[in-house]
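Participant: Build the 3D model from these lines:
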Amino acid sequence: MLFGLAIGLSVAVAIYKNDSGSRSRPPQQTREPAGLSATVSGESRAPATAEEEAAPEPRFSFYDMLPNFEVVIPEQESDVRPDRAAAPVEEPGVYVLQAGSFSTPADADRRRAELALLGIESRVQRVSIDDRSYHRVRIGPTDDLDRLNRIRRQLRDAGIDALRIRLGD
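Facilitator: Below is the predicted model of the structure:
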């Protein structure tokens, strides 16, 4: 046990002596900025050369760019108005109305029941998009523009949003 203690102390002394030898060196002088050294010592310096006067470019330029991109936010909110009543469809073709798209079949069946109470026949179409299933409630297809406009008016009066999809001629 004493032998191990002696080896540990000798290694510690060697490290201490080696470290204290490096401390005896004089520290390197650091260069002070030109304006600071002249102010502190009261000396006047010779004019600086062109290389010394050229300040290094700043590392980032966003300090100069940001004030140019200032966004002014108005204090009043803009007026929001409801959409006008939908104009009747006049272009001939085959149309489908989509009365909703739901992630659960129960919600789609509920919308289908609402449409049935209004006297509108509909069907539920199941689609998969990006590994998720959606249930679309669709009305049609129909090429009768009068019937299409009448159904759209019924849906609007009932508060049901519907998408008009044109399938073709």
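
Participant: List the buried residues of the longest strand along the chain.
Facilitator: Secondary structure of the chain per DSSP state E: the longest strand is strand 132-142. Neighbour counts over strand 132-142 (16 or more other Cβ atoms under 10 Å) mark H135, R136, V137, R138, I139, G140 as buried. From N, CA and C alone the C-beta is placed, and that goes for glycine too.

Participant: Mind giving me the packing neighbours of the host helix or strand of N18?
Facilitator: According to DSSP states H and E, N18 maps onto helix 2-23. Counting contacts by 3 or more Cβ pairs under 8 Å, 6 or more residues apart in numbering; DSSP states H and E, helix 2-23 is packed against no other helix or strand.

Participant: then whatever helix or strand R164 lives in to PDB, C-alphas only?
Facilitator: Using DSSP H and E, R164 sits in strand 163-168. What follows is strand 163-168, C-alpha atoms only, in PDB (Å, rounded to 0.1, in the frame of the first residue of the first chain):
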ATOM      1  CA  LEU A 163     -69.100  21.300 -54.100                       C
ATOM      2  CA  ARG A 164     -70.200  21.300 -57.700                       C
ATOM      3  CA  ILE A 165     -68.100  18.900 -59.800                       C
ATOM      4  CA  ARG A 166     -68.400  18.900 -63.600                       C
ATOM      5  CA  LEU A 167     -67.800  15.400 -65.000                       C
ATOM      6  CA  GLY A 168     -68.000  16.300 -68.700                       C
END
